[in-house]
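**Student:** Give me the fold of what follows.
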Amino acid sequence: YAVEYTLLGDDHPHLSSESESGSTSQSSEIEELINLAKVRWNEKLKFVSKRLETEDWSESCHHFCLEVLGYSRNKAPMFNIGNRHSLSEFSEGYLSVETLFEEEKLNWRQFRIRPQNHPRLRLEQYIEIVLDNPDWPEDLLSLLASLKTVSGSSSTVNFRKLHELKQLRESIKEDVFKGVISGSRLDTLICDALLPLYSIFTEQDTFAYWFHWYAGDITSRVKQLIATFEIEAKAYPYSNGLNQAALLSCLNKSAFTCD
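**Tutor:** Residues are numbered from 1 along each chain as shown. I've put the predicted structure just below:
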């Protein structure tokens, strides 16, 4: 599934740096943000590409979903569980939350974790999803097949409206994950794993969708940084692209902490 992607250029006319306002400063700022986001996008493509070298579409989705549900603190033990138990094993119904939790009892990081983010609850939710929809990766693949090749410049607001991102987001939530995963965690799963995975698997460039998608989990510090960007907030509300650009900007500026 090798695909070559350039940082910016004629292959992305739909992310032209020219905004609707025609402002030179805003155009320059948007171009810089797109470049930063594109670096993050390419990193994610490389990561998922390696996963697809050893796993098929369904198992890759299975693995990534567990990892994202583990958040940063418990990503590793969730990965271990996904590595140990395939999607088909989960769908057979004999794996209990207690059994899975016990397997990684020495690796869970539970200190100061919000109840709704506790790994035991997240395992419970994932088991519920798989038992209700054991073919959820295939359902997701069918839904994403509706993504169109896009062209022409657009603000985030216009892109979301034109390509019906709100409706697609709702379909993924209800038809694929049966309403169990929603909100910012769903958006994080889509942006950190599923869209890059789909892009490599199908050799279709979905960067524009990824850039304009909803921001997912975003810290207050990153929000503060985004607020300093010289862009029109109404045309470019919080999005995954801005979030990714801000995160990379944080990494490039050691004086600014992103936590």
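
**Student:** alpha carbons only for contacts and neighbour counts from here, please
**Tutor:** Noted.

**Student:** And for I113, the neighbour number?
**Tutor:** 11 (other CA atoms under 10 Å).

**Student:** What segments of the stretch 101-250 of the chain are helices?
**Tutor:** 119-132, 136-144, 156-162, 165-171, 183-189, 195-202, 207-212, 220-226, 240-252 (DSSP state H, counting those that start in this stretch).

**Student:** which residues are contacting the helix or strand containing P77?
**Tutor:** Using DSSP states H and E, P77 maps to helix 75-84. The contact list for helix 75-84 (CA atoms under 8 Å, 6 or more residues apart in numbering) reads 62-64, 66-70, 100, 103-104, 107-108.

**Student:** Which of these sits closest to F207?
**Tutor:** F64 (18.8 Å; CA to CA).

**Student:** Low-confidence regions, this protein specifically.
**Tutor:** 1-25, 151-153, 253-259 (pLDDT under 70).

**Student:** tell me, what residue is most central in it?
**Tutor:** Nearest residue to the geometric centre of the chain (CA atoms, centre = their mean): C191, 1.6 Å.

**Student:** For the residue lying closest to it once chain neighbours are set aside, give me its contacts.
**Tutor:** Using CA to CA, 6 or more residues apart in numbering and skipping the chain neighbours, the partner closest in space to C191 is W210 (6.0 Å). The contact partners of W210, by CA under 8 Å, 6+ apart, come to 191, 195, 240-241.

**Student:** contacting residues around the residue nearest to the centre of the chain?
**Tutor:** 210, 213, 216, 240.

**Student:** Pull the most distant pair out of those residues.
**Tutor:** W210 and G216 (11.3 Å).

**Student:** which residues are common contacts for those two?
**Tutor:** Common neighbours of W210 and G216 (CA under 8 Å, 6+ apart) are 191, 240.

**Student:** hmm, back to that, make a markdown table out of the helices of the stretch 101-250 of the chain and add distance to L45.
**Tutor:** Shown next, in a markdown table, are those (distance: least, CA to CA, whole Å):
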| stretch | distance to L45 |
| --- | --- |
| helix 119-132 | 24 |
| helix 136-144 | 17 |
| helix 156-162 | 22 |
| helix 165-171 | 21 |
| helix 183-189 | 14 |
| helix 195-202 | 6 |
| helix 207-212 | 10 |
| helix 220-226 | 23 |
| helix 240-252 | 14 |
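
**Student:** which stretch among the ones you listed comes nearest K44?
**Tutor:** Across the helices of the stretch 101-250 of the chain, closest to K44 is helix 195-202 (CA to CA), at 6.4 Å.

**Student:** can you pull the buried residues of the closest one?
**Tutor:** If you call a residue buried by 16 or more other CA atoms under 10 Å, then helix 195-202 has these buried ones: 195-201.

**Student:** Let me have those residues in a markdown table, extended by distance to Y236.
**Tutor:** Listed next are these as a markdown table, based on distance: CA to CA, whole Å:
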| residue | distance to Y236 |
| --- | --- |
| L195 | 20 |
| P196 | 22 |
| L197 | 25 |
| Y198 | 25 |
| S199 | 24 |
| I200 | 27 |
| F201 | 29 |
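
**Student:** Between all of those residues, which two are separated the most?
**Tutor:** Maximum pairwise distance in the buried residues of helix 195-202, criterion CA to CA, is 9.8 Å, between L195 and F201.

**Student:** what's the angle between the helix or strand containing I30 and helix 240-252?
**Tutor:** Per DSSP H and E: I30 is located in helix 24-54. Angle of helix 24-54 versus helix 240-252, following axes from the mean of the first three to the mean of the last three CA atoms, to 10 degrees, is 90 degrees.

**Student:** Show me what helix 24-54 is packed against.
**Tutor:** Applying 3 or more CA pairs under 8 Å, 6 or more residues apart in numbering; DSSP states H and E, one finds that helix 24-54 makes contact with helix 195-202, helix 207-212, helix 240-252.
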